[in-house]
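**Q** One predicted model, sequence on top.
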Amino acid sequence: MVAAAPYTPQELMTVVAARELRDGEVVFVGIGLPNLACNLARATHAPNLVLIYESGAVGAVPERLPVSIGDPALVTGALMVASMADTFQCLLQGGRIEVGFLGGAQVDRHGNINTTAIGDYARPRVRLPGSGGATEIAIHARRTLVVGALSPRAFPAEVDFITTPGLRSRGRTRRELGHPGAGPVRVITDGGVLEANAGSGELELAALFPGVTADGVRERVGWPLVVRASLQPVAPPSAEDVRLLRDVLDPGRLFLKR
């Protein structure tokens, strides 16, 4: 058994996100920490992950960490390079994506994601990049994972703008809104894992990271967070996990800070 090694909260978050993926799954992945987590999973317990990128790279096997969805590293060795229309219409809307893996500037209590604007949409304090394919991914993937660091600003009770709908948006469920997907059922943070309540659709604390308290997580979200009576155990990263992240996957620290 590989021994544990010193790690940062961000590295633990990435490792836990990677563990969510099962070998052979088809994953629609974005750039940043979701991409890093997918490539860590592919290098460890899930070598047969099928990674699909918005640019049309299907079955990508990048030899280095891609820095964008247009990175040439995604093309070499890929099963197919398709048009964006084929990627979204045939694969995503056709129900062939098992996992959608997303990030977001804001995630609220019902899993709604904001990547559009902070503040009023017409006069925002910060204008963000927008949806890209995130809305379609969350709606059509069979399950959705979200990764993001906790803070009251990043996890408000209600997002400033709903870019990607969660399990409940403005008082209506996904089914009432006509969205068939399961929604972001699990959110991996740097303090623990939040999971949607099957009835209310509200995110609850389902797993707590080593050295973190439930009150510490509560202080970093903008709503009265429910803590489940039985929290799932979370093992720390192994020495091999840390080595892969620091020396192989992200040696330039493009996505992970020291």
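**A** Perfect, I can see it now.
**Q** Let me see the ranges of the helices in the stretch 101-250 of the chain.
**A** For the stretch 101-250 of the chain, applying DSSP state H, counting those that start in this stretch gives helices covering 134-140, 214-218, 239-243.
**Q** Check those helices for me and report the most buried one.
**A** Of all the helices of the stretch 101-250 of the chain, helix 134-140 has the most neighbours on average by mean count of other CB atoms under 10 Å, namely a mean of 23. Any C-beta I mention is one placed from the backbone N, CA and C, and that applies to glycine too.
**Q** picking up where we left off before, for the helices of the stretch 101-250 of the chain, which one sits closest to residue 68?
**A** Between residue 68 and those, the shortest gap by CB to CB is with helix 134-140, which sits at 15.3 Å.
**Q** nearest spatial neighbour of residue 73, skipping sequence neighbours?
**A** Of all residues not flanking residue 73 in the chain, residue 62 sits nearest, at 4.1 Å (CB to CB, 6 or more residues apart in numbering).
**Q** The one you found and residue 36, how far apart?
**A** Applying CB to CB, to the nearest Å, the value for residue 62 to residue 36 is 11 Å.
**Q** Any idea how many residues pack against residue 253?
**A** By other CB atoms under 10 Å, the residues close to residue 253 number 10.
**Q** Three-state assignment for it, please.
**A** coil (DSSP: H, G, I helix; E, B strand; the rest coil).
**Q** Identify the residue spatially nearest to residue 56, adjacent ones excluded.
**A** residue 82 (4.4 Å).
**Q** pLDDT score assigned to the one you found?
**A** Looking at residue 82, its pLDDT stands at 94.
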